[in-house]
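> The following comprises the amino acid sequence and a computationally predicted model.
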Amino acid sequence: MTFTAIDFETATGYAHSACAVGIVTVENGIIIEEYHTLIQPPDNEYWYRNVMVHGIKPVQTLNVPTFDTLFPQLRDRLFGKKLVAHNESFDRNVLAKTMKYYGLYYDELELADRWECTCKIYKAKGYKPANLKACSDRNGIQLNHHEALSDARACAKLYLLHDRQIKMNLSDF
């Protein structure tokens, strides 16, 4: 079980306003690397409601690099990987739109058109609600919700748990 879990936080309601990313790399079912960085969003603009969700303030990103500067580090961690996110359409859209905003080409990452989505997986298991906090709480996974690395780590653990459950079910045959 080798994959990379990712979570973005955004500064505004615009998908290209990434202000933090958490990336958790899993190889053979073991977390081998955790990466987190703040990102200066365009014009260092924040919306109040976004700050209320994740707690990241403009002063915290005033002197950190913009996405295009950080991209080589992100590319090294994402290129050609199987990606997993709890709300994959949100995180995939943030990555694609932020790359486009900075003139970077999403296709160069050689990622699948759709990523694995732990929210969809756990909805299919009957979880209601199936948000990251509810899924984490139900499975005893520690979570500091809306902190990008904590969210990515919880997503990785949920995906690993799902994989182990599938393997256990297959061993019944």
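Looks like it came in fine.
> Mind listing the residues bridging to the residue most central in space within the chain?
The residue lying closest to the centre of the chain (Cα atoms, centre = their mean) is residue 7, at 1.7 Å. With DSSP bridges as the criterion, residue 7 is bridged to residue 22.
> these two touch, right, it and residue 92?
No. Residue 7 is beyond contact range of residue 92, at 11.5 Å (criterion: Cβ atoms under 8 Å). Heads up, the C-betas are built off the backbone N, CA and C, glycines and all.
> how much space between the residue nearest to the centre of the chain and residue 107?
According to Cβ to Cβ, to the nearest Å, residue 7 stands 22 Å off from residue 107.
> and residue 128, which of the three is it?
Following DSSP: H, G, I helix; E, B strand; the rest coil, we place residue 128 in the coil state.
> number of nearby residues for it?
Around residue 128 there are 8 other residues, counting by other Cβ atoms under 10 Å.
> do the same with residue 76
Residues near residue 76, counting by other Cβ under 10 Å: 9.
> And residue 105, by the same measure?
9.
> residue contacts, the closest residue to it other than its chain neighbours?
Of all residues not flanking residue 105 in the chain, residue 99 sits nearest, at 6.9 Å (Cβ to Cβ, 6 or more residues apart in numbering). Contacts for residue 99 (Cβ atoms under 8 Å, 6 or more residues apart in numbering) come out as 67, 71, 105-106.
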